[in-house]
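Visitor: Sequence first, predicted model second:
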Amino acid sequence: MREKEQRYSREERKKVENHRDKQDARLKRPRYNRNVLYITYFYIIVAFLMIAYLLKFVVIDSENKINNPYNTRQYLLEKKVIRGDIVSSDGVVLATSEKDKVGRYNRYYPYDNMFCHVVGKVEDGRTGLELSAGFSMLASDINPLQKLMNDFESKKSEGNNCITTINYELQKTAYESLANYNGAVVAMNPRNGKILAMVSKPDFNPNTESRKPLGTVDEENSAYLNRATQGLYPPGSTFKILTAMEYIKENETYSDYSYDCKGEDSFEGNPIHCFSHEVHGVVSLEKSMAHSCNTSFANIGMEINNNSLKKLCENYYFNKLLPVNFPHNKGSFKLDEDSNTDETIQTAIGQGETLVTPLQNLMIVSSVANKGKLMLPQLVDHVESAQGKAVSKYKAKSLGEKCPKKIAKQLNKYLMAVCEYGTASALSALSYPVAGKTGSAEIDSSGTSHAWFVGYAPADNPKIAVAIVVEGAGTGSQYAVPIARNMFMKYLGA
Amino acid sequence: MQNLTYSIIVQISRYLIIFLFAFYVYGSFSSYLKSKEKAEKIYNRQLRIMFIIHFLSMLILFLHNSKAAYVWLYLGQMLFLFLMDLTFRATYKHISRSLLNMTNMLMMIGFVELSRLNTGYATRQLIFASVTCILCLLVPQFIDFFEFYTKLGIAYAVVGIAMLAAVYVFGTENYGAKNWISIKGIVFQPSEFVKIIYVFFLASFLSKFRDFKHVVIIGIMAAVHVGILVLEKDLGGALLFFITFLFMLFVATGKKRYLLAGFGGGAAASVVAYKMFSHVRIRVMAFIDPWSHIDNEGYQVTQSLFAIGTGGLLGMGFSEGAPEDIPVVASDFIFAAIAEEFGTFFGICLILLEICMFMMFVRISLSMRKVFYKLVALGLSIEYITQTLLNLGGVTKFLPSTGVTLPLISYGGSSIISTIFMIFIVQGMYILSMDQEEEEMKNEGRKEA
């Protein structure tokens, strides 16, 4: 009897349920219990899918996501963890935490100004990698037992180290080459998106100058602004890469293109001239690019569809944020079907209202280097524990084919011509082929201009792409190309 | 030295809470399969675990911030939970202890988290819960008026639609949805109560009529409910009412074609709503790519993901995170606050406990004899789990955010009152069926003898 009583709860009830189900079937009523179970299974499956998704987010995806300027929790973790080091890809420590006499940890940057933008600072508003990779360095993957002991004793644990993609030697070359000019130099591997160098001037010393409250300085000319990712410049003639890309896309007979350059021309009453009114004579598309012929590109600008050009530009993230997790500004492109002729021809040669950051310009030329495929720019190579155990490794991520392979190949040829006999012929002395485009973006009527160079080498097997802008210096050929030459020589040899 | 003691207590409690809660949830599932006596043991153990977790959590809170309010809240909440168990078990011999335990546990988690977020909210929540539970002591007494409830039919629909329409006319907007009504300073959300009436309406019709003509009539009336909610921009509510109708219809008729037609119609309606309403587009945009709209549309869900992601599996430690960064954290996004500080592992145990609660509801529905009761229990189960999953999905970006509360845990008077009522209606049905079964057993015993 007692035995029966005990089993009552489970089996007896099951019997009752089964009995009712059969009764339903016999009476030709809908089989409620069976239908209810279908619905129950549905909900349980959905719930478990959600649990799996949540686990995946927390264990795998979250590291990338929480490293975001909008996540304010770094200060909470700093109470428990000693911020790890930032190390260059060639093993040089760029930022470290040092204990002072009272036992507090302070941040120290051994190379003062040289990495101030890319590495950033902690005091008074985190910037650079200190901001965007802060959570990685404030996670501690030391021995869990040790960590537990530290927790008990309210002692801080050692945070993970962040190994960046920045190459110390290349950064030094870029920093020294830019010398006293304002501007930016940024370099990356076009095949995998790893950023190799990122310099912006004016700069500051994060060891001594970080205590100036932000907001009290003129934002536009502030040394805290990372011009490589936040500086907005007219692209000048470097924009001709996109104009040419659109032209080839629209015209199958692009190889027959020909234009007679007389040094100046006028389109529907709007005058335009080549640099110092130089007469280029009859030019093909290749020669137009090599000599950076303004009149010819204005002519091309008249032929292509403004809306399609806008679509192409937006595909390259104009008017949009880049999919990177560090602070940057949106490039802007305004031309459309309502624009007038003057706007059309000015935009085609990179003047007009178009604005671009050096990083975005680098991405454009990198996609040409990488046969049309654009890689996501990345600053972190991997994260390892204080003991050197790898914690997470960043994988190269493609942002898709932004330019058809065939067109990229054709543009590569034109950009090689620029460096062989065109405006960047100073690069022809190198032992490997180089491809690129110069630019001199006029900023006012007095003739002051920003010097631009975007390009990559070796042109047949690209390992490095660079974007250089030198503010108010003059022509790209004269001021930006020599910096590019130094960069290529440092990275690839003479 | 004192600091060392504090930190050791806090750290040990942190891990102990996670471990005990996992053990509790395991007990909830395993009690299904155990004999009655063994299950009783589990229930008693679960009670002890609940009080320990409650004590440890409030202790951590107090050690971090020695506010007197925490002591009063602790005592009040403990007394409430203690009386809940005592009075209900004393009043109803056949109460489902499994369901009662789960109800108390979920309310306890809500109390603790609200105490941490805002002591004022925690106090109000405790008062609402207490008053509702006293009323609910009577609910099982009212379950047995079967004939009366099934006869009301159309009256349920009239009352429900009238209440929803009143909100549409007199309601006030809150967080973008016009689903609140204010009478002499008391603000409440009628749709929370219409939810229950609506299930009675569907059950009373579907238990009697299943022919096509009636299905159309029921469908039209359900559509009126859903339509008003859409107009009030209460997307979560509209979805909840729609799904409840569809699944109850399927169970009552057993016809898969209704299910297919319903989902087809629902998909078409979603597309129309997407095209017509900007707030729908915003929700979808914030779901697909919140990171590009992190400043405005995507702000809430990205803050929620930061909280969950930064907390990790084991959490930041109770009261050591920054859940106040998440907008509306105490009501709609409370799960993110729990996951941030107690850890995602604890959060997953919580989801499992909610699944267990749903399974208990369904089980009660299965054991019901009368179709009407069966359908009511089923409808309430569907509403419970759908709302839970919509809330959790919105918080974790598994689904678009629809602005519904997490039953029993979220802050909100209307929400907790209606959820407690729902649970005790199901509990009442269980008690009723157990009483009847006992009588039958006795009768059978007599016959055998």
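Guide: That came in fine, so what should we check first?

Visitor: tell me the contacts of the residue in the stretch 251-400 of chain A positioned nearest to chain B?
Guide: In the stretch 251-400 of chain A, no residue comes nearer to chain B than residue A:321, which is 6.1 Å away by CB to the nearest CB. All C-beta atoms are positioned from the backbone trio N, CA, C, and that covers glycine. By CB atoms under 8 Å, 6 or more residues apart in numbering or on different chains, the residues touching residue A:321 are A:328, A:330, B:292.

Visitor: Check pLDDT for those and point me to the minimum.
Guide: When these are compared on pLDDT, residue B:292 comes out lowest, with 79.

Visitor: Could you tell me whether residue B:182 really is in a strand?
Guide: Yes - membership of residue B:182 in a strand is supported by DSSP: H, G, I helix; E, B strand; the rest coil.

Visitor: Looks like it contacts residue B:167 (just checking).
Guide: No - with contacts counted by CB atoms under 8 Å, residue B:182 stays clear of residue B:167, the gap being 10.3 Å.

Visitor: So between those two, which is more surrounded?
Guide: residue B:167 (23 against 12; other CB atoms under 10 Å in any protein chain shown).

Visitor: Now for that one, which secondary structure element holds it?
Guide: Using DSSP states H and E, residue B:167 falls within helix B:154-170.

Visitor: returning to what we had before: and the contacts of residue A:321, which are buried?
Guide: Taking 16 or more other CB atoms under 10 Å in any protein chain shown as the criterion, what is buried in these is A:328, A:330.

Visitor: now the contacts of residue A:321 in a markdown table, with distance to residue A:223?
Guide: Converted to a markdown table, these look like this (distance: CB to CB, whole Å):
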| residue | distance to residue A:223 |
| --- | --- |
| A:328 | 17 |
| A:330 | 22 |
| B:292 | 29 |
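
Visitor: Check which residues of the longest helix along chain B are buried.
Guide: With DSSP state H setting the assignment, residue counts place helix B:413-448 as the longest helix in chain B. Counting neighbours by 16+ other CB under 10 Å, one finds that the buried residues in helix B:413-448 are B:413-434, B:437.

Visitor: re the thing from before, out of the contacts of residue A:321, which is nearest to residue B:78?
Guide: Here the nearest of these to residue B:78, counting by CB to CB, is residue B:292; it sits at 46.7 Å.

Visitor: and the closest one, how far is that from chain A?
Guide: Going from residue B:292 to chain A by CB to the nearest CB, to the nearest Å gives 6 Å.

Visitor: Validate this expectation: that residue resides in a helix.
Guide: Yes - checked against three-state DSSP, residue B:292 lies within a helix.

Visitor: Near chain A, which residues of the stretch 1-150 of chain B? Just list them.
Guide: Residues of the stretch 1-150 of chain B lying close to chain A (CB under 8 Å from any CB of the partner chain) are B:3, B:4, B:7, B:8, B:11, B:32, B:33, B:34, B:35, B:36, B:37, B:39.

Visitor: How about the secondary structure of the last one?
Guide: The three-state assignment at residue B:39 reads helix, by three-state DSSP.

Visitor: How about the residues of the stretch 101-250 of chain A by chain B?
Guide: Going by CB under 8 Å from any CB, the residues of the stretch 101-250 of chain A near chain B are A:135, A:148, A:151, A:152, A:153, A:154.

Visitor: where do the strands sit along the stretch 251-400 of chain A?
Guide: Secondary structure of the stretch 251-400 of chain A (DSSP state E, counting those that start in this stretch): strands at A:259-261, A:264-267, A:270-273, A:281-283, A:373-375, A:380-384, A:390-393, A:398-401.

Visitor: weakest of the ones you listed by average pLDDT?
Guide: In terms of mean pLDDT, the lowest-scoring of the strands of the stretch 251-400 of chain A is strand A:390-393 (a mean of 86).

Visitor: Run through the neighbouring helices and strands of it.
Guide: Judged by 3 or more CB pairs under 8 Å, 6 or more residues apart in numbering or on different chains; DSSP states H and E, the packing partners of strand A:390-393 are strand A:380-384.

Visitor: Contact partners for residue A:180?
Guide: Contacts for residue A:180 (CB under 8 Å, 6+ apart) come out as residue A:201.

Visitor: Would it be right to say that it lies in a strand?
Guide: No - under three-state DSSP, residue A:180 sits outside any strand and is assigned coil.

Visitor: where exactly do the helices run in the stretch 251-400 of chain B?
Guide: B:256-276, B:278-288, B:299-311, B:334-342, B:344-367, B:371-396 (DSSP state H, counting those that start in this stretch).

Visitor: Leaving out the residues flanking it, which one is nearest to the residue nearest the centre of chain A?
Guide: Taking CA atoms, centre = their mean, the centroid of chain A lies closest to residue A:377, which sits 3.9 Å from it. In this structure, residue A:377 finds its nearest non-sequential neighbour in residue A:193, 5.0 Å apart by CB to CB, 6 or more residues apart in numbering or on different chains.
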